[in-house]
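S.K.: I would like to see how this sequence folds:
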Amino acid sequence: MRSRNTVLKSFESRYVQALRAGSCEQAATVTQEALVSGVCIKKVYLGIIMPASREIGELLSRSEIAPDAANLATQIILSDMARLRRSYRKPMRDEIRAMITPHEGEPHFLAARAVADFLLFEGWQVEFLSSYPAFEVLAGQIESFKPHVVGISVSTMESLQRLDSTVKKIRGLAHPTKILIGGEALDEHSLPAEVAVDAVCEDAFCAVYQIRRLCGLGFEDPALDPFLKGIGERILACRKERHLSQKEVASLAGIDRAYLSSVESGKQNVTVGALMRIARALEITVEELI
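M.R.: The predicted model follows:
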């Protein structure tokens with residue numbers, strides 16, 4: 001019997017093939033088969049769609065696919081996400097609202113779209129902006145929609161450097177809102193100390209956790225418990241296989257031993273950044289852990 005990781009990797013590989021073939025139908029078939037096999041909707045995003053998107057980006061950077069093919073792949077992914085969104089979103093609840101947007105000049109917004117979808121899966125009212133508008137327009141949307149949280153995605157260092165100005169402008173609006181920052185830029189760079197935000201995250205699971213925390217809500221996601229438990233079990237198994245103590249792995253990964261202990265027991269939400277550090281400490285890939 002193939003391991004769960006092997007099966008998930010197989011779905012991801014088939015999804016990439018569908019994207020490279022330019023087939024929306026094949027891509028939808030892959031994600032639907034994954035769901036039927038028992039993969040939860042959020043895992044389809046985190047374990048199939050987003051890794052496939054990153055691989056397409058890497059192929060483009062190596063000139064192994066043409067820009068037009070990469071653009072088509074993105075459109076196929078967006079179409080598939082829209083289909084999944086229609087099928088799995090819950091009825092909206094009036095009391096909780098979030099606005100999710102990429103930052104000014106951001107070339108990518110799929111990760112932000114994933115966060116918005118995860119919130120829709122929980123019944124939030126979500127205003128998603130696929131591109132950052134002029135601030136006057138954004139300000140009007142915030143004042144009209146009155147979100148409890150504004151989530152901003154940053155994937156480049158240039159975007160990160162402009163963030164302080166945006167945050168200060170949002171803080172100056174009449175409607176008070178919490179501000180969450182996330183995105184790939186935070187995998188390699190620290191948030192500048194002067195940027196006064198309420199929370200930082202590195203992936204969609206973490207984003208939903210932080211948004212719920214900022215709104216004073218609990219975190220009861222039936223898909224999260226087995227997901228975190230599985231990650232913890234695999235980290236524990238790999239650590240024991242290498243005859244390493246928690247203290248040794250924590251030191252190699254640059255994290256607290258108590259944090260690692262909570263992760264291994266499945267009681268701690270873990271970010272992509274932390275997973276990458278743990279994986280490097282264990283000399284395995286992140287895919288082997290998720």
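S.K.: C-alpha only now, for contacts and for neighbours.
M.R.: OK.
S.K.: so for the closest residue to Ile65 other than its chain neighbours, what pLDDT did the model give?
M.R.: What sits nearest to Ile65 in space, not counting adjacent residues and going by CA to CA, 6 or more residues apart in numbering, is Leu59, at 5.9 Å. We have a pLDDT of 96 for Leu59.
S.K.: after the host helix or strand of Leu59, which helix or strand is next?
M.R.: Assigned by DSSP states H and E, Leu59 belongs to helix 50-61. Following helix 50-61 in sequence order, the next helix or strand is helix 67-88 (DSSP H and E).
S.K.: and the angle for that next one with helix 50-61?
M.R.: Computed by axes from the mean of the first three to the mean of the last three CA atoms, to 10 degrees, the angle separating helix 67-88 from helix 50-61 equals 170 degrees.
S.K.: remind me which residues of the stretch 51-200 of the chain are low pLDDT?
M.R.: 94, 187-188 (pLDDT under 70).
S.K.: where do the helices of it begin and end?
M.R.: Applying DSSP state H, counting those that start in this stretch to the stretch 51-200 of the chain gives helices spanning 67-88, 110-121, 135-145, 157-161, 163-171, 185-188.
S.K.: most tightly packed of these?
M.R.: Ranked by mean neighbour count, the helices of the stretch 51-200 of the chain are led by helix 110-121 with a mean of 23 (mean count of other CA atoms under 10 Å).
S.K.: name the residues that touch that helix?
M.R.: 42, 45, 50, 78, 85, 88-90, 92, 100-102, 125-128, 130, 152-153, 183, 203-205, 207-208 (CA atoms under 8 Å, 6 or more residues apart in numbering).
S.K.: so the residue sitting furthest away from the middle of the chain is in which element?
M.R.: The C-alpha centroid of the chain is most remote from His243, which lies 31.7 Å away (CA atoms, centre = their mean). Here His243, judged by DSSP H and E, is contained in no helix and no strand.
S.K.: ok, it to Gly182 distance?
M.R.: 35 Å (CA to CA, to the nearest Å).
S.K.: same deal with His175?
M.R.: 22 Å.
S.K.: repeat that for Ser262.
M.R.: Ser262 is 23 Å from Gly182, by CA to CA.
S.K.: between those two, which is the more surrounded one?
M.R.: Using other CA atoms under 10 Å as the criterion, Ser262 and Gly182 rank with Gly182 on top: 25 against 14.
S.K.: ranges for the strands of this structure?
M.R.: 97-102, 125-128, 149-153, 178-182, 199-201 (DSSP state E).
S.K.: list the buried residues in the second one.
M.R.: To tie it back to what came earlier, the one meant is strand 125-128. Gln125, Val126, Glu127, Phe128 (16 or more other CA atoms under 10 Å).
S.K.: show residues contacting it.
M.R.: 92-94, 96-101, 113, 116, 119-120, 145.
S.K.: tabulate the residues you listed in CSV, adding columns for distance to Val167.
M.R.: Shown next, in CSV, are the contacts of strand 125-128 (distance: CA to CA, whole Å):
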residue, distance to Val167
Met92, 28
Arg93, 27
Asp94, 26
Ile96, 21
Arg97, 19
Ala98, 16
Met99, 14
Ile100, 14
Thr101, 13
Arg113, 20
Ala116, 20
Leu119, 22
Leu120, 25
Phe145, 18
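S.K.: go through those residues and say which is closest to Phe227.
M.R.: Minimum distance to Phe227 across the contacts of strand 125-128 is 17.3 Å, recorded for Leu119 (CA to CA).
S.K.: Leu8: what's it in contact with?
M.R.: So Leu8 contacts Ala34, Gly47, Ile48 (CA under 8 Å, 6+ apart).
S.K.: for Gly47, see how far away it is.
M.R.: For Leu8 relative to Gly47 (CA to CA), the value is 7 Å.
S.K.: what is the burial count for the residue nearest to Ile65?
M.R.: 15.
S.K.: that one and Pro67 touch, don't they?
M.R.: No: contact between Leu59 and Pro67 fails when scored by CA atoms under 8 Å: they sit 9.9 Å apart.
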